[in-house]
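> predicted model and sequence follow; I will ask about them next.
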Amino acid sequence: MFFRPRRLKDERREAWLAFAGRLEPEDASDVAERLRRWLDLESVALEPLYALRKPGLPLLYLFEYLKARRGPAGEVSQRVSACLLRSETSFAPLPLRAQAKRNKVMESIEASRTGSQLVSVEPDFDNAVTVFARDVEGAASVLRPPLRQVLMRALTERSEGVSLVLGERHALVSVEVEEEVPLVTLELLMSDLLSLYALLTALAAP
């Protein structure tokens with residue numbers, strides 16, 4: 001299996017080590033292959049890759065990888081920072097994807113690629129965030145005000161280039177921008193994921 005060369009700069013490595021020293025996650029490089037399969041990232045190297053385990057909370061994976069794109073100028077690589085929340089039990093009633101508002105052409109391409117439709121909730125939210133789902137009515141019913149507030153904060157206030165993928169037992173937030181993402185931003189997005197998890201768990205409770 002082919003993986004792209006690791007190019008983590010010394011300064012970035014030191015930033016991650018300081019981040020790990022503060023939050024005390026554990027090295028999770030032993031599950032890199034499994035994580036690549038989960039996320040359909042078979043051709044990239046995850047570096048670094050940490051797991052954060054805290055009592056009473058779902059498992060969190062924090063990692064980065066290089067994403068390559070081909071264009072008129074050749075291949076360009078960007079480093080993507082991400083946080084994956086995985087739960088032992090189901091907490092999301094249905095899958096959806098969300099990102100900050102983009103132009104209609106890009107949204108149409110994304111909807112077509114994922115076999116989903118755009119979800120409309122209320123004007124202020126719809127003008128700032130785009131949500132894609134196959135079950136439009138179900139997604140609209142799930143997106144109650146507290147959940148919308150967290151999504152607005154995560155997708156429009158933390159950084160540019162933030163996207164969210166929500167599944168039955170997982171939630172993935174990733175950031176893809178030209179410059180390296182400050183790790184404090186990733187920590188804030190991790191907090192947003194935990195807030196979404198708590199809200200959805202409460203929604204699913206009898």
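Cool, got the structure.
> for the residue nearest to residue 117 when sequence neighbours are not counted, report the pLDDT, please.
Counting by Cβ to Cβ, 6 or more residues apart in numbering, the nearest residue to residue 117 once its immediate chain neighbours are dropped is residue 136, at 5.1 Å. Just so you know, the C-beta spots here come from the backbone N, C-alpha and C atoms, and that holds for glycine as well. pLDDT for residue 136: 93.
> okay, now residue 136: neighbour count?
Neighbour count of residue 136, defined by other Cβ atoms under 10 Å: 16.
> need phi/psi at it.
Taking degrees, to the nearest 10, you get phi -70, psi -50 for the backbone angles of residue 136.
> so what's it up against?
Residue 136 makes contact with 117, 118, 119, 120 under the criterion Cβ atoms under 8 Å, 6 or more residues apart in numbering.
> at 10 Å what do you get?
96, 116, 117, 118, 119, 120 (Cβ atoms under 10 Å, 6 or more residues apart in numbering).
> buried among the residues you listed? Need that as a selection in PyMOL.
Buried residues among those (16 or more other Cβ atoms under 10 Å), as a PyMOL selection:
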select buried, resi 96+116+118+119
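> low-scoring stretches of the chain, by residue?
Scanning the chain for pLDDT under 70 picks out 1-8, 69-76, 206.
> so where do the strands sit in it?
Counting by DSSP state E, the chain has strands at residues 26-27, 46-52, 59-71, 74-86, 96-100, 117-119, 129-133, 162-166, 170-176.
> how about those in a markdown table, adding distance to residue 111?
Shown next, in a markdown table, are these (distance: least, Cβ to Cβ, whole Å):
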| stretch | distance to residue 111 |
| --- | --- |
| strand 26-27 | 38 |
| strand 46-52 | 28 |
| strand 59-71 | 20 |
| strand 74-86 | 22 |
| strand 96-100 | 9 |
| strand 117-119 | 6 |
| strand 129-133 | 6 |
| strand 162-166 | 14 |
| strand 170-176 | 19 |
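> in stretch 183-192, what's buried?
183, 186, 188, 189, 190, 192.
> how close does the residue nearest to residue 117 get to residue 147?
The span separating residue 136 from residue 147 equals 16 Å under the rule Cβ to Cβ, to the nearest Å.
> for the lengthiest helix in the chain, packing partners?
The single longest helix within the chain, with elements called by DSSP state H, is helix 183-204. When contacts are defined as 3 or more Cβ pairs under 10 Å, 6 or more residues apart in numbering; DSSP states H and E, helix 183-204 packs onto helix 10-23, strand 59-71, strand 74-86, helix 136-142, helix 145-152, strand 162-166, strand 170-176.
> do that again at 8 Å, thanks
Helix 183-204 sits against helix 10-23, strand 59-71, strand 74-86, helix 145-152, strand 170-176, with contacts defined as 3 or more Cβ pairs under 8 Å, 6 or more residues apart in numbering; DSSP states H and E.
> pull the CA atoms of the last one into PDB?
This means strand 170-176. These are the backbone C-alpha positions of strand 170-176, laid out as PDB (Å, rounded to 0.1, in the frame of the first residue of the first chain):
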ATOM      1  CA  HIS A 170     -19.300   8.800  14.900                       C
ATOM      2  CA  ALA A 171     -18.700  12.500  14.100                       C
ATOM      3  CA  LEU A 172     -15.800  13.800  12.100                       C
ATOM      4  CA  VAL A 173     -14.800  17.500  12.000                       C
ATOM      5  CA  SER A 174     -11.900  18.400   9.700                       C
ATOM      6  CA  VAL A 175     -10.200  21.700   8.700                       C
ATOM      7  CA  GLU A 176      -8.600  22.300   5.300                       C
END
